[in-house]
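Chemist: next input, structure requested:
(one chain, ligands or ions: 2)
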Amino acid sequence: MNNNTLFHAIDQLSEIGYFVWDDFISKEEIKTLISIANKGKHSGDFKKAGIGKQALFQLDKSIRGDYIQWLDRKNNHESVQRFLDQIELLKNNLNETCYLGIKDFETHFAIYPENTFYKKHVDRFQQNAHRVISFVLYLNENWKEDHGGELANYLDHKIEKVAPLAGRLLLFRSELEHEVLMSYKTRYSLTGWMLDKDMSLTFLP
Ligand code: OGA
Ligand code: MN
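Modeler: Ligands and ions are numbered 1, 2, ... in the order given. Predicted coordinates:
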């Protein structure tokens, strides 16, 4: 992990709330991750994503249209594991420099079929109060402007759009409002959240 980029990321996360990290992983890794996602898709491991947790869970295509597959922290394909190891490193660095108290993270693959989106929302809310930093690794090779699918970040006085380009890691504070704009082409990513709670301690609220 490049130290200069890391310092820049930490600085931008605290200054403006988000950071775009290009070429976070290599082109070969991207291809492998796409093929793992496609395999999961064909074997039916992806489920329609919902909103809310547990009793409040609901499926609503007018809010989000993606399909997801949650990842284990262990027993992953080695490319997935390498990515999770990098996130672990990033997590430790963020804790050392920003005292964010991140204890764990959760990650899923996401596939947005053509003509789907995810309306404006925040990732940290009542039922998901432990999300501190959101991260999205995009896997879309040859993505063109007219394919849409940008992540729109709602900052204080402006909206900033980030294209879902292959190898790009987007980091943002989970309380920021954001939206996935209509994607006109199938859109792949690995999406996750750094949490201020250890997920293995699920008996705690
Ligand atoms: C999400 C989300 C952003 C993206 O899954 O909560 O906002 O760009 N994803 O895929
Ligand atoms: Mn989100």
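Chemist: the strands in this structure, which residues?
Modeler: 18-21, 47-48, 67-70, 104-112, 116-121, 131-138, 151-154, 159-162, 169-173, 177-183, 187-195 (DSSP state E).
Chemist: bridging residues for the closest residue in space to W70 that isn't next to it in sequence?
Modeler: Nearest in space to W70, with sequence neighbours left out and distances taken as Cβ to Cβ, 6 or more residues apart in numbering, is H108 at 4.6 Å. Yep, even glycine has a C-beta here, placed from its N, CA and C like the rest. Beta bridges link H108 to W70, T191, judged by DSSP bridges.
Chemist: you'd agree H108 is up against T191?
Modeler: Yes. Using Cβ atoms under 8 Å, H108 is in contact with T191, at 5.9 Å.
Chemist: pull up the overlap in contacts between those two.
Modeler: Counting by Cβ atoms under 8 Å, 6 or more residues apart in numbering, the residues touching both H108 and T191 are I68.
Chemist: chain center to stretch 24-44, what's the gap?
Modeler: Put simply, stretch 24-44 sits 15 Å off its chain's centre (Cα atoms, centre = their mean, to the nearest Å).
Chemist: what mean pLDDT does that stretch get?
Modeler: For stretch 24-44, the mean per-residue pLDDT is 95.
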